[in-house]
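Undergrad: I would like the atomic coordinates for the input below:
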Amino acid sequence: MEIYLVRHTETICEKGICYGQADMDIKEPYLDVFEEIKAQLPTDAIVYSSPLMRCKKMAEFISNESTFDKRLMEMNFGNWELQPWNDISQEEIQSWMDNFVTVSVPNGESFEDLHERVGEFYSELLHKKEAKVIIICHAGSIRSILSHYHKTNLIDAFSLYSIKYGEVIKLSF
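TA: Below is the predicted model of the structure:
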């Protein structure tokens, strides 16, 4: 089995804004970048994607038969969604930063919550034993899958796995 993890391309969101499950569009022009990404992927793979627009556009470009799964969505930042990071209470941010793995964002998720829902998807996928799979999603979701794959601690996910916009990561089983 081969799994190709693909992060969406750059969004139109201004730098310094907190966004996770907010449905942000991607920067144009993007078709040339999509072509470059598609060239790195097998043509006979099954495509799964987060339903958020920034992933959905690429999935539909790569395949007419993509499956969209909410479990692949980015972390839910709750009250912080679309807020400038600098405007969020320093006390709230510090509490979360001190233990982002288990502390939930107000009315949102912790990284552990994201990891659990992404892990459910990942486990189901491994049981299907499809030959080649493309997963188009977000940095947080990809870090979660990589933590499952490499059996690493969640606390290390951000230091171990830096994922660029449009990056393709191949996992082999």
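Undergrad: just checking, Tyr4 touches Ala45?
TA: Yes. The pair Tyr4 and Ala45 qualifies as a contact (CB atoms under 8 Å) at a distance of 6.8 Å. From N, CA and C alone the C-beta is placed, and that goes for glycine too.
Undergrad: Any chance you could list residues touching both of those two?
TA: By CB atoms under 8 Å, 6 or more residues apart in numbering, Tyr4 and Ala45 have these common neighbours: 132-134.
Undergrad: Can you add secondary structure, neighbour count and distance to His148 and give those back as TSV?
TA: Shown next, in TSV, are the shared contacts of Tyr4 and Ala45 (DSSP: H, G, I helix; E, B strand; the rest coil; neighbours: other CB atoms under 10 Å; distance: CB to CB, whole Å):
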residue	secondary structure	neighbour count	distance to His148
Lys132	strand	16	19
Val133	strand	19	14
Ile134	strand	25	17
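Undergrad: And the pLDDT for the residue nearest to Tyr30 when sequence neighbours are not counted?
TA: Distances taken as CB to CB, 6 or more residues apart in numbering place Thr9 nearest to Tyr30, at 5.4 Å, with adjacent residues excluded. For Thr9, the model assigns a pLDDT of 98.
Undergrad: Repeat that for Gly140.
TA: If you check Gly140, the pLDDT there is 97.
Undergrad: In what element of secondary structure is it found?
TA: Taking DSSP states H and E as the criterion, Gly140 maps to helix 139-150.
Undergrad: Show me what that helix is packed against.
TA: strand 2-7, helix 111-128, helix 157-160, strand 168-172 (3 or more CB pairs under 8 Å, 6 or more residues apart in numbering; DSSP states H and E).
Undergrad: Repeat the analysis, applying 7 Å as the threshold.
TA: strand 2-7, helix 111-128, helix 157-160 (3 or more CB pairs under 7 Å, 6 or more residues apart in numbering; DSSP states H and E).
Undergrad: any idea which of those is most buried?
TA: Of all the helices and strands packed on helix 139-150, strand 2-7 carries the top mean neighbour count, a mean of 20, counting by mean count of other CB atoms under 10 Å.
Undergrad: Who are the packing partners of that one?
TA: Using 3+ CB pairs under 7 Å, 6+ apart: strand 2-7 touches strand 132-137, helix 139-150, strand 168-172.
Undergrad: Identify whichever of those lies nearest to Ala59.
TA: Among the helices and strands packed on strand 2-7, strand 132-137 comes nearest to Ala59, with 4.9 Å by CB to CB.
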